[in-house]
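**Student:** Generate coordinates for the sequence data below:
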Amino acid sequence: MDWTLLTAALVFTTLILAVGFAYWNKNKVEERMDDPHAPKSTLAKDGDPHGTPADVK
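**Tutor:** As a prediction, this is how the structure comes out:
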């Protein structure tokens, strides 16, 4: 196996995984933005500054 083939496979695998992870997170964020009952961010102007962050359970 040539090292260039291995390197290219690693590059494209990493790229595909990174794009897939970004797409998955984008969908989670958009679902949360559409949910009227989701807690406000602690960084939001109208959020509770002393509450726990929304992603901590």
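
**Student:** Around Tyr23, how many other residues sit close by?
**Tutor:** Neighbours of Tyr23 under the rule other C-beta atoms under 10 Å: 10. From N, CA and C alone the C-beta is placed, and that goes for glycine too.

**Student:** Could you check how far it is from Leu43?
**Tutor:** 24 Å (C-beta to C-beta, to the nearest Å).

**Student:** Run through this structure and note the low-pLDDT ranges.
**Tutor:** 54-55, 57 (pLDDT under 70).

**Student:** again, only using 90
**Tutor:** Across the chain, the ranges flagged by pLDDT under 90 are 1-2, 29, 32-33, 35-57.

**Student:** And the helices in it, which stretches?
**Tutor:** Assigned by DSSP state H, the chain shows helices spanning 3-34.

**Student:** any idea which residue sits dead centre in it?
**Tutor:** Central residue of the chain (C-alpha atoms, centre = their mean): Asn25, 3.1 Å from the mean position.

**Student:** Let me see the contact set for that one.
**Tutor:** Applying C-beta atoms under 8 Å, 6 or more residues apart in numbering, we find Asn25 in contact with no residue.

**Student:** And it, how far from Asp35?
**Tutor:** Distance of Asn25 to Asp35, computed by C-beta to C-beta: 16 Å.

**Student:** cool, and Ala22?
**Tutor:** Ala22 is 21 Å from Asp35, by C-beta to C-beta.
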